[in-house]
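Peer 1: Everything below, folded, please.
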Amino acid sequence: MIFRFVFIFLLFSVSAFSQDNYIKHTISKGDNLYNIAKKYGVKPKDISNANPDAPKILKLNSVLLIPNSNPPQEIKSNQSVTQINPTSHEVLAKETLWGISKKYKVSVEDLKKANPSLETEGLKVGQQIVIPSEGNLVVQKPAENAQSELVEVSREVLQKETKYAIAKEFGITVAELEKQNPEIKNKLPIGYQLKILTSKEKADNYKASKANQETINTVNPSVLAADDSSVKKDSTTVIRVSNHSELIDQLVINATDNIGTRYRSGGTTKAGFDCSGLMYCTFGNFDIKLPRSSIEQSRIGTKVNTEEAQKGDLIFFKTNGRHQINHVGMVVEVIEGEIRFVHSSTHGGVIISSTKEPYYERAFSQINRVLE
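Peer 2: Numbers count the residues shown, from 1 in each chain. Down below sits the predicted model:
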């Protein structure tokens, strides 16, 4: 009798521990390890380790254990606190922040506080947002005094400059730059006077740099203004960037945000992409112009071995028995020799696939590094 009691107690303890440390996720259409990990804020490898018996290709309606990445956190005295319950809402097509606030009887302001990304990125279909209400504690970081004072700077667009480089110069995102200057959303005209709200420190640095450049040009008028753009092309057409890691991460996020978008021959918008159109559009969002077709894209950059593949590289295939390259994707993850890539496929639209899948293993052609 005592043995049975001890056994039941241990079984209950293990069960409670599992519930505290793991979340159950049911596989739905379009799910893959990468976007599931992104959704729960964990690494794909953590999910693989928690599910050692799970098949490489996820089965519809099967259940994965997701490591709980949100353990209770200690709240410091100098941090403001908002009471919220971890209720989530999946954003549907045509929904607005105002409509969601009315549905759950919360203010738009509270929704933005609970979901800081809404301020810069807005609502996206399929996005999971937190709905605030009375319940658990969510910590909000106090505003830094150094960033509290914003100054408007007038900045002229120079030749070969990019939105990404200008935004980085002033410590803001491309989305914020476009929001402050709606006229540049589709194009960045040379000579256009940007109005940029930035911190006093960034504004002072820009003014000092501009004054120094004007002094150089006065002493020697033949010296051209320095091109501080973080994206330049050399003779090999490999694009060099000053903050490689940040740009690569943004490219991957931008591409994978289109997962679920349908395939469309010649498509370069969210209405539908073909394979090279997805790459063309993704890089174009950061003012990096790629050729339009997959075969032309395969001729830029530097070829690398599969063992050297990195996130952000372009990966090329010869599908359907073709003798020349006709398909392209972007590497999003490399784990133990397996290369996972985002691409727009004719049968599934924008998805993430793997070189371990027999079809792509046979069709693989090469990997090109276009960013350094």
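Peer 1: what's the burial count for residue 326?
Peer 2: Neighbour count of residue 326, defined by other Cβ atoms under 10 Å: 19. Any C-beta I mention is one placed from the backbone N, CA and C, and that applies to glycine too.
Peer 1: That one is in contact with residue 298, isn't it?
Peer 2: No. With contact defined as Cβ atoms under 8 Å, residue 326 and residue 298 do not form a contacting pair (9.7 Å).
Peer 1: the helices in the protein, which residues?
Peer 2: Taking DSSP state H as the test, the helices found in the chain are 2-21, 33-40, 44-50, 97-104, 108-114, 118-121, 145-148, 163-169, 174-180, 200-219, 244-256, 275-284, 294-297, 358-363.
Peer 1: Give the rounded mean pLDDT of the first one.
Peer 2: Read it as helix 2-21. Averaged over helix 2-21, pLDDT sits at 48.
Peer 1: Begin at 789 from now on, thanks
Peer 2: All set: I'll call the first residue 789, so the last point we hit is now helix 790-809.
Peer 1: circling back to that earlier point, now the helices of the chain in TSV, with mean neighbour count and distance to residue 1056?
Peer 2: Putting those into TSV (neighbours: other Cβ atoms under 10 Å; distance: least, Cβ to Cβ, whole Å) gives the following:
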stretch	mean neighbour count	distance to residue 1056
helix 790-809	10	43
helix 821-828	19	22
helix 832-838	15	28
helix 885-892	14	28
helix 896-902	17	31
helix 906-909	14	21
helix 933-936	10	36
helix 951-957	22	18
helix 962-968	18	18
helix 988-1007	13	34
helix 1032-1044	17	13
helix 1063-1072	23	4
helix 1082-1085	19	13
helix 1146-1151	13	23
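Peer 1: so who does the residue most central in space within the chain touch?
Peer 2: In the chain, the centroid-proximal residue (Cα atoms, centre = their mean) is residue 1041; its distance is 1.8 Å. By Cβ atoms under 8 Å, 6 or more residues apart in numbering, the contact set of residue 1041 is empty.
Peer 1: Let me see the confidence value for it.
Peer 2: 90.
Peer 1: and residue 1090, bridged to which residues?
Peer 2: residue 1157 (DSSP bridges).
Peer 1: Pretty sure it sits against residue 1157.
Peer 2: Yes. Using Cβ under 8 Å, residue 1090 is in contact with residue 1157, at 5.1 Å.
Peer 1: More neighbours: these two, which one.
Peer 2: residue 1157 (19 against 13).
Peer 1: Pull up the gap between the more buried one and residue 1097, please.
Peer 2: Residue 1157 sits 9 Å away from residue 1097, going by Cβ to Cβ, to the nearest Å.
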